[in-house]
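Undergrad: Just a sequence and a predicted model for now, questions to come.
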There are 2 protein chains.
Amino acid sequence: MQQLLSHITAHHRLSAEAENALQNCFTEISLNKNEFLLTQGNICRHLYFLEKGAVRGFYDLDGKEITHWFGFEKDFVTSFHSFITGEPAVENIQLIESCTLWTIAKEPLTDLFNQYHDIERLVRIVYEKYYIRLEERYVNAQFKSAKERYEDLIHQTPHILERVPLGLIAAYLGISQETLSRIRSKF
Amino acid sequence: MQQLLSHITAHHRLSAEAENALQNCFTEISLNKNEFLLTQGNICRHLYFLEKGAVRGFYDLDGKEITHWFGFEKDFVTSFHSFITGEPAVENIQLIESCTLWTIAKEPLTDLFNQYHDIERLVRIVYEKYYIRLEERYVNAQFKSAKERYEDLIHQTPHILERVPLGLIAAYLGISQETLSRIRSKF
DNA sequence: TTTAGTTTTTGACATAAGTCAAAAGTTCAG
DNA sequence: CTGAACTTTTGACTTATGTCAAAAACTAAA
């Protein structure tokens, strides 16, 4: 719990009261490698904070699994589209390592927004950061070569390489595993 | 102004008081085709609401202009990264048609957040919608072929085709103009 | 109209990345 | 250890898309 709070505080300092209310609304869970937080077709009703472990988000495209994001320590994870709109998710969220997570459902989160302007502000600020991150990933995906995307990954998030099998990284970079292997062989 | 207000209200209903305060903080401006709202290297200090016209966001990659988004009627536009972080923008925003815009600077916006929980909520909700939109564009960019991306564009935002020259559309789709031309020739 | 200036299409060729299949390298339970 | 089950690399070949250059089709001012 301390990790969740201190991570949140790094974004925006909450009043003691709001912080307390927040604490009471999150529940801790532990799940094992390969288990699912969400499978496609279901509505994602929870937001998770990943305290320890790693997950991936992927969906099915013509029988192929497309891993489009990873979550690691200190990340908020959910199927954003489904959580916000209440529509069935098109994606799956699966643990690639055993995880410790903090979870909150949509209704208590909405209640927190109503009660604490502070918490809504926090979330507004977190959205801004996540939006900027996604925008950067978008530009990289569309306008950089496979090699450049891999180099960016090495520099920006090298920890991914140590914890995720190559096949998943290739999918994440939007290239085939063989191409990634060849890129790596030239350093 | 009515258009701005009714568009905002479609996202989230504001109190009369908040709506009033909001009105007072936006200023109307008109600019001509080809003028710039922002050029790279400068800090983007304003958020714009596009009432009429069209703009593009682009940046320079090895001497090539990469148009990565368009803005049309009812869109909020800004260099998100620069506006939020206060760092110099890496992108340019240029009018591709003459425009009528409503503008607000960062400080009055922050003041509005402080005074009206309502307005911060509105922005939180707008962020959610823009995030979902970007997420979809990201997945399309990385995992679909040029042809599929063009077909999606025809179905989802056909108005872009009528208002934007092919070269810019190709750049937006992340393909060369020649490839786009060939895709089109096969219907 | 005519003509200059765009914008779009076409052609020939180059290249990045994908696919399929097999070999090599790891990991780990028994 | 040893062998089964993954994961990663290599090889041969295909395909989508890019690049450069020129032709064709528009557009709009004179």
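TA: Structure's in. What do you need?
Undergrad: Any residues of chain A in contact with DNA strand C? List them.
TA: A:Ser145, A:Ala146, A:Lys147, A:Gly174, A:Ile175, A:Ser176, A:Glu178, A:Thr179 (C-beta under 7 Å from any atom of the strand). Every residue, glycine included, has its C-beta placed from N, CA and C.
Undergrad: which one of these is nearest DNA strand D?
TA: Ranked by distance to DNA strand D (C-beta to the nearest atom of the strand), these are led by A:Glu178 at 4.0 Å.
Undergrad: Could you list every helix and strand that the helix or strand encompassing the closest one packs against?
TA: Assessed by DSSP states H and E, A:Glu178 sits inside helix A:177-185. Contact partners of helix A:177-185 among helices and strands, from 3 or more C-beta pairs under 8 Å, 6 or more residues apart in numbering or on different chains; DSSP states H and E: helix A:146-156, helix A:166-173.
Undergrad: can you give me the helices for chain A?
TA: Taking DSSP state H as the test, the helices found in chain A are A:2-11, A:16-25, A:80-85, A:106-115, A:117-143, A:146-156, A:158-163, A:166-173, A:177-185.
Undergrad: For the last one, which outside residues touch it?
TA: The set of residues external to helix A:177-185 that reach it, using C-beta atoms under 8 Å, 6 or more residues apart in numbering or on different chains, is A:Ala146, A:Lys147, A:Tyr150, A:Leu166, A:Gly167, A:Ile169, A:Ala170, A:Ala171, A:Leu173, A:Ile175.
Undergrad: So what's the predicted local confidence for the last one?
TA: Looking at A:Ile175, its pLDDT is 94.
Undergrad: Correct me if wrong: it contacts A:Ala146.
TA: Yes. Applying C-beta atoms under 8 Å as the test, A:Ile175 and A:Ala146 come out as touching, 4.3 Å apart.
Undergrad: For chain A, what lies in contact range of chain B?
TA: For chain A, the contact set with chain B under C-beta under 8 Å from any C-beta of the partner chain comprises A:61, A:66, A:68, A:80-81, A:84-85, A:113, A:117, A:120-121, A:123-124, A:127-128, A:130-132, A:134-139, A:141-143, A:174.
Undergrad: Got a quick ChimeraX command for the buried subset of those residues?
TA: In ChimeraX, a selection of the buried entries from the residues of chain A next to chain B looks like this (16 or more other C-beta atoms under 10 Å in any protein chain shown):
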select /A:66,68,80,81,84,113,117,120,121,123,124,127,128,130,131,134,135,137,138,139,141,142,143,174
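Undergrad: So A:Gln94 sits against A:Lys33, correct?
TA: No. Judged on C-beta under 8 Å, A:Gln94 makes no contact with A:Lys33 at a distance of 9.0 Å.
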